[in-house]
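A.B. asks: Predicted model follows, preceded by the sequence.
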Amino acid sequence: MGKYANRATGLLVLLVFIWGISWSIYKAALDFTPPILFAGARSLIGGLLLALVLLPVWKRIKWRGNWTSYAISALLNAVLFYGLQTAGLNYLPGGLFSVLVYFQPVLIGIFAWIWLGEKMTAFKITGLLLGFLGILVISADSLSGTLSVTGIILGLFAALSWALGVIYVKKVSSRVDSMWMVALQFIIGGTVLVVAGSFTENWADITWNTTYLFGLGFGSTFGIPIAFVIYFHLMNNGEASKVAAFTFLVPLIAVLTGTVFLHEAVTATLAIGLILIVLSIYLVNHRTKYQRI
């Protein structure tokens, strides 16, 4: 039992670290590639790599009965989430953008209450209010021209699509293999993004240098298949609450790496907003069996 707990904790730390540093890596790579093509390429390659690992259990796909589930999940978790995420990084620092995207657990708290019948606690209500306040504080910089309104909107819509995607996957989890869901949603979504990018962007604009290739390689391996395999392994082994509670560390790591390696500025209002959102995410994911409303 002790060994499993230690292994689960190690995997969780690795997962949070991967998610945390990914923002600066993708931000740096975007200087050398159109955003939609970059999002599509890493999604498609990552999905294909995971599918290769899953080939021995290909019968679990059950395509005829589940193709609509794969398509809807691909739209929410790949096309919209990764498309909006990658486009938004062109407008905001990677650390700040990660804070907006990791407002997603707060949105999940609302959607799970509405659609999954989960209980709403006093902690969750407080967290939701603090999260909304944090968004308002961060948005204050955009009103003064310091931050991009477009970037903030893209970040919040990325969080919304991810939250809806997670809720949808939970609703169909009883009839769809979770690992194949991950692989196929990124294969389908990545294909859509690559096709869309081929029409709206130019492949010739990609600079095939070390920074771009590192970003593509990181996203196609650690960022998608490895991170999501870890995520679902922890979820399927009873670590869901622990994963949710620790996601608030991701924006902190993202801001830290962005400040250290990309020299991204941290304003007073950004710092206050970040603290409010991190506290919001923690409270929304706080588990208590006493405070129910």
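C.D. replies: Structure received.
A.B. asks: helix or strand for residue 217, which one?
C.D. replies: In this structure, residue 217 is located in helix 210-218 according to DSSP states H and E.
A.B. asks: actually residue 14, not the one I wrote
C.D. replies: Mapping residue 14 onto the secondary structure by DSSP H and E places it in helix 2-29.
A.B. asks: Report all helices and strands that the next helix or strand after that helix contacts.
C.D. replies: Moving toward the C-terminus from helix 2-29, the first helix or strand encountered (DSSP H and E) is helix 35-54. Taking 3 or more C-beta pairs under 8 Å, 6 or more residues apart in numbering; DSSP states H and E as the contact definition, the neighbouring helices and strands of helix 35-54 are helix 81-88, helix 178-200, helix 210-218. Any C-beta I mention is one placed from the backbone N, CA and C, and that applies to glycine too.
A.B. asks: Looking at the helix holding residue 14 now, give me its mean pLDDT.
C.D. replies: Over the span of helix 2-29, the pLDDT mean works out to 84.
A.B. asks: which strands and helices sit next to that helix?
C.D. replies: Looks like helix 2-29 contacts helix 94-101, helix 210-218, helix 227-236, helix 240-246, helix 249-261 (3+ C-beta pairs under 8 Å, 6+ apart).
A.B. asks: what about stretch 267-281, distance to the chain center?
C.D. replies: Chain-centre distance of stretch 267-281: 18 Å, with C-alpha atoms, centre = their mean, to the nearest Å.
A.B. asks: What residues sit buried inside it?
C.D. replies: Along stretch 267-281, the positions that meet the burial threshold by neighbour count (16 or more other C-beta atoms under 10 Å) are 269, 270, 273, 274, 276, 277, 278, 279, 280, 281.
A.B. asks: Among the residues you listed, which lie within helices?
C.D. replies: Restricting those to those inside helices, with DSSP state H as the criterion, leaves 269, 270, 273, 274, 276, 277, 278, 279, 280, 281.
A.B. asks: Skipping its backbone neighbours, what lies nearest the fourth one in space?
C.D. replies: I take that to be residue 274. Counting by C-beta to C-beta, 6 or more residues apart in numbering, residue 99 is the residue found nearest to residue 274 once chain neighbours are left out, at 5.2 Å.
A.B. asks: Same question for the fifth one.
C.D. replies: If the residues on either side of it in the chain are set aside, residue 276 comes closest to residue 134, at 3.3 Å by C-beta to C-beta, 6+ apart.
A.B. asks: helices or strands next to the helix or strand harbouring that neighbour in the packing?
C.D. replies: Taking DSSP H and E as the definition, residue 134 sits inside helix 122-143. In terms of contacts (3+ C-beta pairs under 8 Å, 6+ apart), helix 122-143 is packed against helix 94-101, helix 104-115, helix 149-172, helix 268-284.
A.B. asks: Most tightly packed of those?
C.D. replies: helix 94-101 (a mean of 28; mean count of other C-beta atoms under 10 Å).
A.B. asks: and that helix, what's its mean pLDDT?
C.D. replies: Helix 94-101 shows a mean pLDDT of 80 in the predicted model.
A.B. asks: ok, now which ones touch the spatially closest residue to residue 172 that is not a sequence neighbour?
C.D. replies: In space, residue 172 comes closest to residue 69 once its chain neighbours are excluded; the distance is 4.8 Å by C-beta to C-beta, 6+ apart. With contact taken as C-beta atoms under 8 Å, 6 or more residues apart in numbering, residue 69 is in contact with 172, 175, 176, 181.
A.B. asks: Run the chain-centre distance for the host helix or strand of residue 69.
C.D. replies: Using DSSP H and E, residue 69 falls within helix 63-74. Distance, stretch centre to chain centre, for helix 63-74: 21 Å (C-alpha atoms, centre = their mean).
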